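Student: Sequence first, predicted coordinates after that:
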Amino acid sequence: MIRYHLPEDLWRSSSYSADNGGQCVEIQTVDAGDIAVGDSKDRARGAFVFAPAAWTSFVNHLKDEPVRH
């Protein structure tokens, strides 16, 4: 599902993100603990929303994968 017009002050970016003027993926918690994921450069496009279990599974998978260049 995609959500629009989410509160600007609730977006969070990773502590690993550079402070380069908002060019990163951001998240915020929405209704029922779901996680909205959006593009900091273009918030008007909306944000994809994931159930907490799906988001946790995705993040854990990323942590387990080796870095590829």
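Tutor: Nice, thanks for sending it over. Quantities reported herein were computed from a predicted structural model and do not represent experimental measurements.

Student: okay, CA-based contacts and neighbour counts for the rest of this
Tutor: Will do.

Student: what secondary structure does residue 28 sit in?
Tutor: Secondary structure, DSSP: H, G, I helix; E, B strand; the rest coil: residue 28 is strand.

Student: mind listing what it touches?
Tutor: By C-alpha atoms under 8 Å, 6 or more residues apart in numbering, the contact list for residue 28 reads 10, 11, 12, 35, 36, 37.

Student: In this structure the third one contacts residue 26, no?
Tutor: Yes. With contacts counted by C-alpha atoms under 8 Å, residue 12 reaches residue 26, the gap being 5.3 Å.

Student: Compare these two (neighbour count), which wins?
Tutor: For residue 12 versus residue 26, neighbours defined as other C-alpha atoms under 10 Å are more numerous around residue 26 (20 against 16).

Student: which of the contacts of residue 28 count as buried?
Tutor: For these, a burial check counting by 16 or more other C-alpha atoms under 10 Å picks out 11, 12, 35, 36, 37.

Student: returning to that earlier point: out of the contacts of residue 28, which comes closest to residue 55?
Tutor: The shortest approach to residue 55 among the contacts of residue 28 belongs to residue 35, at 7.0 Å (C-alpha to C-alpha).

Student: tell me the phi and psi of the closest one?
Tutor: Residue 35 adopts backbone torsions of phi -110, psi 120, taken as degrees, to the nearest 10.

Student: Can you tell me who it pairs with across the strands?
Tutor: Beta-bridge partners of residue 35, counted by DSSP bridges, are residue 29, residue 50.

Student: Now do the contacts for it.
Tutor: By C-alpha under 8 Å, 6+ apart, residue 35 lies in contact with 27, 28, 29, 49, 50, 51, 52, 55.

Student: before we move on, back to that, okay, the contacts of residue 28 in a markdown table with pLDDT and distance to residue 4 next?
Tutor: Below are those laid out as a markdown table (pLDDT from 0 to 100; distance: C-alpha to C-alpha, whole Å):
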| residue | pLDDT | distance to residue 4 |
| --- | --- | --- |
| 10 | 95 | 13 |
| 11 | 94 | 13 |
| 12 | 93 | 16 |
| 35 | 97 | 13 |
| 36 | 97 | 10 |
| 37 | 95 | 11 |
